[in-house]
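A.B. asks: please find the sequence and the predicted model below.
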Amino acid sequence: MTFLGQPSPRWFNIEAGRPFLEDLARGLSQALASRGPHALAEATVLVPTRRAGRDLAEAFLTVSGASAVLLPQVRALGDLDEGEPPFEPGDVALDLPPAIPAARRRYELARLASDHQALLGRTLNATAALDLADALAGFLDSVEIEEAAPLDRIDGLAPAELARHWQVSADFLRIALAEWPKRLAAQGLMDVGERRVALLRGLFERWRAAPPQHPVIAA
């Protein structure tokens, strides 16, 4: 019995020091071989990054001996550009506004920072505003990935006994986090990270209601 033939849930480990992706590619190829030549192509493999996806494709070619092989659908869960699968899983995406383009997001965040530069006690030139926009974008991305509720925790970031600049940073973050969703909504857009999470949640609910009939492997 192959590892895919065991009862669910199925959790497996590849020992440290082993060539992880090659072992994964070899194991999947062998496990699905008995289901016919198209079984591997119908499988979905979820990986953390696009680089991992590219490396896994190379691993399948390696274990096949460089012969022709139908690759599975390899989907990265992280560091994606908006619109990449599985974050556009069919009509799951139809009820959501589009994601704000990366360049536009940067300039809109810079505008937000510039609009509230008085909170920071200094004047922001264009370079400083863009730098602050980049930092704010990174913070927003981490908040979305963790699915945190930052507005509920801002007050705890800078208690009164800490230096004034910490208080200034907390005040700015509080305003920025409150205004950013309003600016996006006014433009009919969503933040990239927020939309990814919403799409994955939608895909999760769909799969829970009607589990996919093909193999899905999270690696």
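C.D. replies: The structure has been received and is ready for your questions. This one's a predicted model, so the numbers in the text were calculated from it and none came from an experiment.
A.B. asks: alpha carbons only for contacts and neighbour counts from here, please
C.D. replies: Fine.
A.B. asks: mind listing what Arg206 touches?
C.D. replies: If you count contacts by CA atoms under 8 Å, 6 or more residues apart in numbering, Arg206 has none.
A.B. asks: am I right that it is in a strand?
C.D. replies: No: counting by DSSP: H, G, I helix; E, B strand; the rest coil, Arg206 falls outside a strand, being helix.
A.B. asks: neighbours around Pro101, how many?
C.D. replies: Look at Pro101: counted by other CA atoms under 10 Å, it has 14 neighbours.
A.B. asks: that one and Asp191, how far apart?
C.D. replies: Per CA to CA, to the nearest Å, Pro101 is found 9 Å from Asp191.
A.B. asks: tell me which element the spatially most central residue of the chain is part of?
C.D. replies: Central residue of the chain (CA atoms, centre = their mean): Gly78, 3.7 Å from the mean position. Using DSSP states H and E, Gly78 sits within no helix or strand.
A.B. asks: identify the residues contacting it.
C.D. replies: So Gly78 contacts Pro48, Thr49, Arg50 (CA under 8 Å, 6+ apart).
A.B. asks: so Phe20 makes contact with Ile14?
C.D. replies: Yes: counting by CA atoms under 8 Å, Phe20 does reach Ile14; the two are 6.4 Å apart.
A.B. asks: can you spell out which helices and strands pack onto the helix or strand where Leu177 lies?
C.D. replies: Assigned by DSSP H and E, Leu177 belongs to helix 164-186. Packed against helix 164-186 by the contact rule (3 or more CA pairs under 8 Å, 6 or more residues apart in numbering; DSSP states H and E) you find helix 102-115, helix 117-120, helix 154-157.
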